[in-house]
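[1] Need coordinates for the following:
(one chain, ligands or ions: 1)
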Amino acid sequence: MATTPAPAQDRSAVRTLLRLWPYVRPVRARLFGAALVAIVASCVGLVIPLALKWMVDGPIADRDPAGVWLGALFLLLLGFTEALLFGLRRWLVARPLSHVEASMRAALYGHLQRLPVAFHDRWASGQLLSRGTTDLMLLRMFLAFPLTFLLVNGVTILVGVIIMLLQDWTLGLVILGPAVPVMVTCVIFERRYAKLARRAQDQVGDLTTVVEESVLGIRIIKGFGRHRSQERAFRDLSKTLRGTELRKARLLATIWGVIVTLPEVAIGAALVVGVVQVADGVLSAGTLVAFLSTALALRWPVESIGFLLAMSQEAATATERYFEVMDAEVEGAGGTPAAAATPGPGTGSAPDADSGSAPGTGSGSGSGTGSAQGPGSGSTPGLGSASGPGTRSAPGSGNGSRSRSGSGRAPASDAGFAPAFGSGSGSPSGTGPRPGSATVQEKGLRFHDVRFRYPDAPSDSLPVLQHIDLHIRPGESMALVGATGSGKTTLTALIPRLYELTSGRITLDGADITGLSREALRAKVAVAFEEPTLFSASVGDNVLMGAKDTAGHADLERALAVAQAGFVHSLPQGTDTPVGEQGLSLSGGQRQRLALARAVVAQPEFLVLDDPLSALDVHTEAAVEAALRQVLADTTALIVAHRPSTVLLADRVALLSGGRIAAVGTHHELLRTNAEYAYLMSGEEEGAR
Ligand SMILES: Nc1ncnc2c1ncn2[C@@H]1O[C@H](COP(=O)(O)OP(=O)(O)OP(=O)(O)O)[C@@H](O)[C@H]1O
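    Below you'll find the model as predicted:
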């Protein structure tokens, strides 16, 4: 089982971490204040050896008890001051840093909401979850600890070395001896650790994806008795993660070994040289004590460099992963298509983590320093449910409709206006106004030579949709029929701009949808998808999600009546009953009716329904149809339909085949004239589904 490998890249941890500045800026005063306090505290610690020197060479040598007591009191005071200052530092950083973490998390969540569906198609949810949780926690820890202490320890080491050189420069040089090898080791370590840190954090994301999928798919897992294989998949991934963590620990142990051993040897050597000098009378005992105390006081600042660097590397990786998401382009507010430009994981076009630009301003024009492999790309174990990016079949493939249709008819050039296909009657039974004037031609929902290929589909694959010309007149309902995989859902997803067109235009009453703001577009168009997704909120809130904030109880009741969702009144708390995560406490048909109610609650001008009645029994279906008919009378609607009963809701039918509109007409006309349509409606297709 593959995991998400760390990208092979050289990036500067410092430049990556500098990208955090816009978030840290608001709390900079406190952070700098805290760092200053820590430096003072650390330097207070360095005064202790000097006080010791004074005591040894002074009151102790002179056998002066009063002086010794005074010295001891002074030492106590120094220790107390040091502890107090470190406590103050902690107090200064705790609150602002939780603010930084919270604001970064809020920014990430807000950004995820605005990213196009194409982005979410490519990214495994676990990868996004781990970026919003583990990675942000690592960043908070970095800001609280390594950021300050790399600075504090650096200053402490510098001041300590100066003090030691001033005490005795020969001993000082002995102590400084290991500095170069330690620095070289740190540089080598930093590079290696960066790669491992990236790998481990990506693997945490993969693991999160598996857990999330197993929880959401627990019914399938149990139903198919797949818990053992899921467990195995999880164990394999966590074993891989454990392996990476162990390699990190080994690397850390190596550098710690070097960083601890070399200075210890140097202190040992200085001790020997110092004792010889004291014996020769060249050096006072007090100076030697002060020198060695200073050297020992510097032990912790030096030894901690290893794990401070490790934590900084992890933070740099977390920053990089955070900005990979934040740099992805959000949907344009109006006429700026963004989905096609969204850099996808695994494409090598991830934003340049080293660009140093502020969050939200990253242009994504970097040279692909991001993850060389898509988060979760294909690495997610599971039930083979096509959950990972790139696991879907090539668009347009496996359609099968072309070979079965046998009609061989060319697509209608402007199917919306063509006479009923093959009938020559030119009198579709729609209830909407007949074409006749230019304005009427513009009115309604129109597809103009629309072509669409999924952004992550191979560039040489056939587009899912091509040359789609279709006109649904104002007030008209059009059913969309086609073999499974023919692109019906894809076509409906283009209307609310869940995906951007590859070419062509879609207009609503003559206005290009790319020219409308997202809000305006989504106020005009309501959608009910084949998979009725509900949120962990009350029944009422789930339905009213589709309406304006001002919508009230009356709107809710009307929508529930249309969707024949009266069952909600017998739930324990009526419309206030929580539906549980994903609405799994409800039946499929109940969920579908709530999704339908959500679509109609705002009385939209344009309604897009993707097979809205598939999970209903025949009686409920008939009741919903009867109520839906009233809604459809005032709405321009496109309804994906598999069954004749749903098709009959519509005024006309468009047949989608081979990615094109192959025929348009009334149900009965198409039954007579189109072999593929007759075949699909005969139920054989449904049997094959
Ligand atoms: N996000 C995606 N990325 C790449 N290809 C996709 C994606 N979603 C769907 N496809 C492909 O596009 C084609 C059309 O899929 P679509 O879901 O639109 O078919 P459909 O006609 O609605 O099928 P059904 O009747 O089974 O619901 C299929 O080949 C499918 O594999």
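
[2] When you work out contacts or count neighbours from here on, use the C-alpha atoms and nothing else.
    Fine.

[3] Mind listing what's buried along stretch 620-631?
    Buried residues in stretch 620-631, counted by 16 or more other Cα atoms under 10 Å: 620-622, 624-625, 627-628, 631.

[4] Next, format the residues you listed as a markdown table and append pLDDT, secondary structure and distance to the ligand.
    Below are the buried residues of stretch 620-631 laid out as a markdown table (pLDDT from 0 to 100; DSSP: H, G, I helix; E, B strand; the rest coil; distance: Cα to the nearest ligand atom, whole Å):
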| residue | pLDDT | secondary structure | distance to the ligand |
| --- | --- | --- | --- |
| 620 | 73 | helix | 22 |
| 621 | 75 | helix | 19 |
| 622 | 74 | helix | 21 |
| 624 | 74 | helix | 21 |
| 625 | 76 | helix | 20 |
| 627 | 74 | helix | 24 |
| 628 | 76 | helix | 21 |
| 631 | 75 | helix | 23 |
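
[5] which residues touch residue 446?
    Counting by Cα atoms under 8 Å, 6 or more residues apart in numbering, residue 446 touches 469-472, 506-508, 510.

[6] what is the residue found closest to residue 502 once you drop the neighbours it is linked to in the chain paired to in the beta sheet?
    Nearest residue to residue 502 in three dimensions, chain neighbours excluded: residue 452, at 4.7 Å (Cα to Cα, 6 or more residues apart in numbering). Here residue 452 sits in beta bridges with residue 465, going by DSSP bridges.

[7] okay, now residue 452: neighbour count?
    Counted with other Cα atoms under 10 Å, residues neighbouring residue 452 total 24.

[8] Isn't it up against residue 506?
    No: Residue 452 lies out of contact with residue 506 (Cα atoms under 8 Å); the separation is 11.8 Å.

[9] What's the separation between the residue nearest to residue 502 and residue 122?
    17 Å (Cα to Cα, to the nearest Å).

[10] List the contacts of residue 222.
    So residue 222 contacts nothing (Cα under 8 Å, 6+ apart).

[11] Look at it and tell me its secondary structure.
    helix (DSSP: H, G, I helix; E, B strand; the rest coil).

[12] Nearest the middle, which residue of this protein would you pick?
    For the chain, residue 128 is the residue whose C-alpha lies nearest the centre (Cα atoms, centre = their mean; 3.0 Å).

[13] Give me the spatial nearest neighbour of that residue, chain neighbours excluded.
    residue 205 (7.4 Å).

[14] you'd agree that neighbour is in a helix?
    Yes: applying three-state DSSP, one finds residue 205 inside a helix.

[15] is it true that it touches residue 132?
    No: at 10.3 Å, residue 205 and residue 132 do not qualify as touching, with contact defined as Cα under 8 Å.

[16] Poorly predicted segments of the stretch 301-450 of the chain, please.
    Low-confidence segments of the stretch 301-450 of the chain (pLDDT under 70): 331-441.

[17] which one of the buried residues of stretch 620-631 sits closest to residue 39?
    residue 631 (71.3 Å; Cα to Cα).

[18] Could you pull up the contacting residues of the closest one?
    562, 600, 603.

[19] Kindly recompute the last result at 10 Å.
    Counting by Cα atoms under 10 Å, 6 or more residues apart in numbering, residue 631 touches 475, 559, 562, 600, 603-604, 607, 625, 637.

[20] what's the most distant pair in these?
    475 and 559 (18.8 Å).

[21] The two: which is more packed in?
    Taking other Cα under 10 Å, residue 475 and residue 559 do not tie; residue 559 has more neighbours (26 against 23).

[22] Low-confidence stretches in the chain?
    For the chain, the ranges with pLDDT under 70 are 1-11, 331-441, 581-584, 615, 683-689.

[23] Give me the domain ranges for it.
    The record assigns the chain these domain ranges, following automatic domain parsing: 13-341, 401-688.

[24] Mind giving me the packing neighbours of the longest helix seen in the chain?
    What stands out as the longest helix in the chain, according to DSSP state H, is helix 227-279. Using 3 or more Cα pairs under 10 Å, 6 or more residues apart in numbering; DSSP states H and E, the elements in contact with helix 227-279 are helix 169-176, helix 179-216, helix 218-223, helix 285-297, helix 299-303, helix 305-326.

[25] As TSV, these with distance to the ligand would be great.
    Below are these laid out as TSV (distance: least, Cα to the nearest ligand atom, whole Å):
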stretch	distance to the ligand
helix 169-176	60
helix 179-216	18
helix 218-223	19
helix 285-297	60
helix 299-303	51
helix 305-326	18
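
[26] right, so of those, which gets closest to residue 238?
    helix 179-216 (6.9 Å).

[27] need the residues of the stretch 1-150 of the chain near the ligand, please.
    residue 121 (Cα under 6 Å from any ligand atom).

[28] Helices along the stretch 1-150 of the chain, start to end?
    For the stretch 1-150 of the chain, helices defined by DSSP state H, counting those that start in this stretch occupy the ranges 13-18, 21-24, 28-55, 65-114, 117-122, 125-130, 136-144, 146-167.
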